[in-house]
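Visitor: kindly return the folded structure for what I paste below:
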Amino acid sequence: DQDQRIADRVIEAGRAAILVLNKWDLLDEEARERIEKDLERQLPHLRWAPVVRTSALTKRGVARVMPAVELARASWEKRIPTAALNGWIRAAVEKIPLGSRGTRPPRIKYATQVTVRPPTVVVFASDRLPDHATRALENSLRAAFGFEGSPIRVMVRVRKRERKPAGS
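Guide: You can find the predicted model right below:
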């Protein structure tokens, strides 16, 4: 419960994170598998955070903590050029269903990164995107550019096409 509350606060604050599982050497294989499953089930919103398994007593895995922290911070401060984002969005849109059945899907015009800490990308579209499409874009963005250890935010801004009045 406490871990979930901390994870929620980390996400709300838009902070980078790593998960350190200490005393890993004291667990048998069955307990390790159970903890891995619990981690996936109870903290699914932190799937992007690298997991470092350590034993402070034997120092096993401790040397991997700081490189994971540095990677998370670099991801948190990463800026992607607009040209690269637009190349990514064109490819991503072909793979992601943007509309529901029987409706005309919104058109995505372009994307740009507006901030870092956490990386925030604004996608300009002709209409609102379904939640599943926004999540799929976030997953695709993470796969294309990394962002390991950092939350990323994808915001959709609707830009309706202005129609000229008849007779103008």
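Visitor: in the chain, which strand is the longest?
Guide: Taking DSSP state E as the criterion, the chain has its longest strand at strand 108-115.
Visitor: downstream of it, the next helix or strand is which one?
Guide: Next helix or strand after strand 108-115 toward the C-terminus (DSSP states H and E): strand 120-125.
Visitor: so what secondary structure elements neighbour the following helix or strand past that following strand?
Guide: Remark: after strand 120-125, the chain's next helix or strand is helix 131-145, criterion DSSP H and E. Secondary-structure packing of helix 131-145 (3 or more C-beta pairs under 8 Å, 6 or more residues apart in numbering; DSSP states H and E): helix 82-95, strand 153-158. All C-beta spots, glycine's among them, are computed from the backbone N, C-alpha and C.
Visitor: run through who's touching helix 131-145.
Guide: The contact list for helix 131-145, computed with C-beta atoms under 8 Å, 6 or more residues apart in numbering, reads 48, 78, 80, 84, 88-89, 92, 95-98, 121, 123, 129, 147, 152, 154, 156.
Visitor: in JSON lines, list the helices and strands packed on helix 131-145 along with mean neighbour count and mean pLDDT.
Guide: Shown next, in JSON lines, are these (neighbours: other C-beta atoms under 10 Å; pLDDT from 0 to 100):
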{"stretch": "helix 82-95", "mean neighbour count": "15", "mean pLDDT": "93"}
{"stretch": "strand 153-158", "mean neighbour count": "15", "mean pLDDT": "94"}
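Visitor: indicate which one of the ones you listed is closest to D25.
Guide: Comparing those by their distance to D25 (C-beta to C-beta), the top pick is strand 153-158, with 37.1 Å.
Visitor: so what strands line up beside that closest one?
Guide: strand 120-125 (parallel) (DSSP bridges).
Visitor: look up how far R34 lies from A133.
Guide: Distance of A133 to R34, computed by C-beta to C-beta, to the nearest Å: 34 Å.
Visitor: typo on my end, R47
Guide: Taken as C-beta to C-beta, the span from R47 to R34 is 18 Å.
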